[in-house]
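A.B. asks: 3D, please:
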Amino acid sequence: MLWQSIQPAIIILSVGLAAAILIGVIKTAVYLPRKLIRTQDEASAKDEAAIIKEMFGKLNRLEVRIESLETIIVESQRKPR
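C.D. replies: Below is the predicted model of the structure:
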């Protein structure tokens, strides 16, 4: 008799527990790939930023060299031959 009164509560508890586990698995299955993609995007963005900084530095050095060459050309044209 006690078993019959407890049985519906056990069934409801079991269904609720199964639903909670299922929801947790689904949330993990959705969240984990998003987190991995976000992590890869952040790493990719950092790599891109480093490449851009390197290119910027090289372009600045190139600009200085071009200005030096322009100065040499202008000065060589000013001197009488």
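A.B. asks: secondary structure element holding Val25?
C.D. replies: Using DSSP states H and E, Val25 sits in helix 2-78.
A.B. asks: mean confidence score for that helix?
C.D. replies: Averaged across helix 2-78, pLDDT comes to 87.
A.B. asks: centre of the chain to it, how far?
C.D. replies: In terms of CA atoms, centre = their mean, to the nearest Å, the centre of helix 2-78 is set 2 Å apart from its chain centre.
A.B. asks: i'd like the first residue to be 406 from this point on
C.D. replies: Sure, I'll start counting at 406 from here, so that last one is helix 407-483.
A.B. asks: so what does it touch, helix or strand wise?
C.D. replies: Under the contact criterion of 3 or more CB pairs under 8 Å, 6 or more residues apart in numbering; DSSP states H and E, helix 407-483 touches no helix or strand at all. Heads up, the C-betas are built off the backbone N, CA and C, glycines and all.
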